[in-house]
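the following comprises the amino acid sequence and a computationally predicted model.
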Amino acid sequence: MMKQDSAKLYLELLKKTLSFSLWPEPPIPLGVFNETRGPLKRAAVFMLSRVLATRDIVPMKRRNITDHQRKNGQFWPLYADTMIGMKRLDQLQTAVETVLSEGVEGDFIETGVWRGGACIFMRAALAAYGDSDRRVFVADSFEGLPEPDAQRYPADRDSMFPAERYLAVSREDVERNFAKYGILDERVVFLQGWFKDTLPSAPIDKLAILRLDGDMYESTLDALGNLYPKLSPGGYCIIDDFFLDPCRLAVEEYRSAHGIEAEIRIIDTCSAYWRKPRQT
């Protein structure tokens with residue numbers, strides 16, 4: 001078997017492993033995602049879980065996850081290392097393979113990494129294809145999302161994401177996830193903190209892949225403003241949350257302000273990308 005075929009088989013298996021697609025989604029504790037329920041149901045579930053906990057009983061709930069939801073990343077998984085779904089993982093693989101084959105210069109970055117799955121995949125792909133120069137930047141607060149600055153960024157006023165502790169994954173947990181796949185090394189660079197603090201001074205000269213997963217208007221604008229100028233011609237700008245209104249507004253305003261006319265291509269029900277035009 002050719003080396004290229006072996007790399008593709010490895011990456012296919014890795015995508016299925018990172019997304020927990022090889023196994024049925026197990027039941028989850030009833031109290032998980034309680035913030036998404038209404039006040040009365042939230043209080044009832046809290047009290048029930050608290051009472052049963054005194055007897056070492058954890059009430060569970062089974063979720064019926066469809067293949068469509070898995071492929072499009074339309075649910076919040078409890079056990080997977082990524083929530084972006086197979087279509088976005090497939091697109092990310094295509095992006096990596098394209099910039100490598102075309103010699104597009106620069107490192108890779110994701111802004112907003114959750115458990116690190118997309119960054120793990122990018123680092124693994126570099127290893128699979130024998131690239132020994134590029135780095136993967138892992139940018140996150142590792143504390144969840146920032147409180148909305150409604151005065152400066154009114155589009156974020158009603159965001160519920162900052163209150164969702166499920167989205168807060170510690171740096172230590174992300175590092176452990178890299179380590180369990182055998183790819184935690186010096187070419188994995190962590191940028192810990194709010195984007196407005198870390199991205200302006202990030203030690204990045206050029207990027208070939210810029211993947212944004214910050215959910216909110218402010219986070220999206222911080223990432224684009226500080227990193228898009230470093231994206232090489234031919235590089236990929238991937239917007240994971242393109243169909244969330246605050247994120248899309250930030251993208252549209254940035255593109256308009258900077259005269260970006262590259263075609264936006266839809267990946268799935270959540271995300272989109274474009275390639276930075278090559279200079280003529």
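Done, it's in. Numbering: from 1, shown residues only.

switch to C-alpha atoms for all contacts and neighbour counts from now on
OK.

longest single helix anywhere in the protein?
Ranked by number of residues, the top helix in the chain under DSSP state H is helix 85-102.

ok now that one, how far from the chain's centre?
Computed by CA atoms, centre = their mean, to the nearest Å, the chain-centroid distance of helix 85-102 equals 14 Å.

how about stretch 187-199?
Per CA atoms, centre = their mean, the centroid offset for stretch 187-199 relative to its chain is 14 Å.

for that stretch, buried residues please.
For stretch 187-199, a neighbour-count test (16 or more other CA atoms under 10 Å) marks 188, 190, 191, 192, 194, 195, 198, 199 as buried.

and these, which two are the farthest apart?
188 and 194 (18.5 Å; CA to CA).

returning to what we had before: just checking, what packs against the longest helix of the chain?
Using 3 or more CA pairs under 8 Å, 6 or more residues apart in numbering; DSSP states H and E, the elements in contact with helix 85-102 are helix 3-18, helix 67-72, helix 117-128, strand 207-212, strand 231-239.

let's see that with 10 Å instead.
Helix 85-102 sits against helix 3-18, helix 67-72, helix 117-128, strand 207-212, strand 231-239, strand 272-275, with contacts defined as 3 or more CA pairs under 10 Å, 6 or more residues apart in numbering; DSSP states H and E.

start and end of stretch 75-88, how far apart?
14 Å (CA to CA, to the nearest Å).

neighbours around the closest residue to residue 274 other than its chain neighbours, how many?
Spatially, and ignoring its direct neighbours in sequence, residue 274 is nearest to residue 264 (4.9 Å; CA to CA, 6 or more residues apart in numbering). Residues lying near residue 264 (other CA atoms under 10 Å) number 13.

will you turn the buried residues of stretch 187-199 into JSON lines that also has distance to residue 158 and pLDDT?
Converted to JSON lines, the buried residues of stretch 187-199 look like this (distance: CA to CA, whole Å; pLDDT from 0 to 100):
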{"residue": "188", "distance to residue 158": "34", "pLDDT": "98"}
{"residue": "190", "distance to residue 158": "29", "pLDDT": "98"}
{"residue": "191", "distance to residue 158": "27", "pLDDT": "98"}
{"residue": "192", "distance to residue 158": "25", "pLDDT": "98"}
{"residue": "194", "distance to residue 158": "19", "pLDDT": "96"}
{"residue": "195", "distance to residue 158": "20", "pLDDT": "97"}
{"residue": "198", "distance to residue 158": "25", "pLDDT": "98"}
{"residue": "199", "distance to residue 158": "25", "pLDDT": "98"}
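
between those, which sits nearest residue 57?
residue 192 (36.6 Å).

and the strands in the stretch 51-200 of the chain?
Using DSSP state E, counting those that start in this stretch, the strands of the stretch 51-200 of the chain run over 60-61, 107-111, 136-140, 188-192.

hmm, who's touching the shortest one?
Judged by CA atoms under 10 Å, 6 or more residues apart in numbering, the contacts made with strand 60-61 from elsewhere in the structure are 26, 27, 28, 29, 30, 31, 32, 49.

bridging residues for the residue nearest to the fifth one when sequence neighbours are not counted?
Take residue 30 and drop its neighbours on the chain: the residue closest to it by CA to CA, 6+ apart is residue 60, 4.9 Å away. Under DSSP bridges, the beta-bridge partners of residue 60 are residue 29.

distance of residue 60 relative to residue 39?
20 Å.

more neighbours: which of those two?
residue 60 (14 against 10).

what pLDDT is listed against that one?
At residue 60, the predicted lDDT confidence score is 85.

for residue 154, same thing?
On the pLDDT scale, residue 154 gets 89.

that one against residue 245, yeah?
No: using CA atoms under 10 Å, residue 154 is not in contact with residue 245, being 11.8 Å away.
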